[in-house]
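A.B. asks: sequence first, predicted coordinates after that:
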Amino acid sequence: MNENLHKRLAASCRCGQVAFEASGAPIVGAICYCNDCQEAGRRFEQLPQASAVLDPDGGSNFILYRKDRVRCTKGADQLREYRLTPESSTRRVLAVCCNTPVFVNVIQGHWLTIYRSRFPDGAPPPEVRVMTKHRRPGMDLPDDIPNYAGHSGKFMWRLLTAWIAMGFRIPRIAYGTTPWVGPLPLA
């Protein structure tokens, strides 16, 4: 039996009012450089008492889990969704208690993209950098993990095999669906 199937990792916002639990092995650990992740990161970093969201090279460091393996254990009422544009199918969810970005939810996706900084030390390391064609100009990337201009076949395969294991279900995420009503700088 794979011991990762029963592993649980706790995640929380900075102040601890919002907590999550992720169980089992993650789908993948990835650092994304897409334009949307960079723009959202810049906007989140402008919030009062915000901490850094983007890595120094502009990447957003995430751990992707199956939606059916993540649950909010505390503070769901503190979560608010934010979309870069009103028609966006990607929700970025913040804990408004301390302006902490917590996760990204592609509504039609079967995975939840949780900011790595929400997990304690010992969380699985990043395995791949994706969408590097959008990285900041002049930023050289190390070769410690694979770097892909887009999404790699292996990355997409891991998403697909997770979805197959879920019986092609797309669980709905009910928390964090209250639209943002605060001073987030909107486009």
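C.D. replies: Perfect, thanks for sending it.
A.B. asks: got any ranges where this protein has weak pLDDT?
C.D. replies: Counting by pLDDT under 70, the chain has low-confidence residues at 1-6, 178-187.
A.B. asks: other residues contacting the longest helix seen in it?
C.D. replies: Criterion DSSP state H: the longest helix present in the chain is helix 153-165. Contact partners of helix 153-165, identified using C-beta atoms under 8 Å, 6 or more residues apart in numbering, comprise 27, 28, 30, 64, 66, 109, 110, 111, 128, 130, 148. Heads up, the C-betas are built off the backbone N, CA and C, glycines and all.
A.B. asks: the third one belongs to a strand, doesn't it?
C.D. replies: By that I understand residue 30. Yes - secondary structure assignment places residue 30 in a strand (DSSP: H, G, I helix; E, B strand; the rest coil).
A.B. asks: next one: the longest helix of the chain to chain centre, how far?
C.D. replies: Remark: helix 153-165 is offset 17 Å from the chain centroid, using C-alpha atoms, centre = their mean, to the nearest Å.
A.B. asks: just the CA atoms of that helix, as PDB, please.
C.D. replies: Extracted in PDB, the C-alpha atoms of helix 153-165 (Å, rounded to 0.1, in the frame of the first residue of the first chain):
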ATOM      1  CA  GLY A 153       2.800  16.100 -21.600                       C
ATOM      2  CA  LYS A 154       3.700  14.600 -18.200                       C
ATOM      3  CA  PHE A 155       1.900  17.500 -16.400                       C
ATOM      4  CA  MET A 156      -1.300  16.900 -18.500                       C
ATOM      5  CA  TRP A 157      -1.000  13.100 -18.100                       C
ATOM      6  CA  ARG A 158      -1.000  13.500 -14.300                       C
ATOM      7  CA  LEU A 159      -4.100  15.700 -14.400                       C
ATOM      8  CA  LEU A 160      -5.800  13.100 -16.700                       C
ATOM      9  CA  THR A 161      -4.900  10.100 -14.600                       C
ATOM     10  CA  ALA A 162      -6.200  11.900 -11.500                       C
ATOM     11  CA  TRP A 163      -9.400  12.600 -13.300                       C
ATOM     12  CA  ILE A 164      -9.700   8.900 -14.400                       C
ATOM     13  CA  ALA A 165      -9.200   7.800 -10.800                       C
END
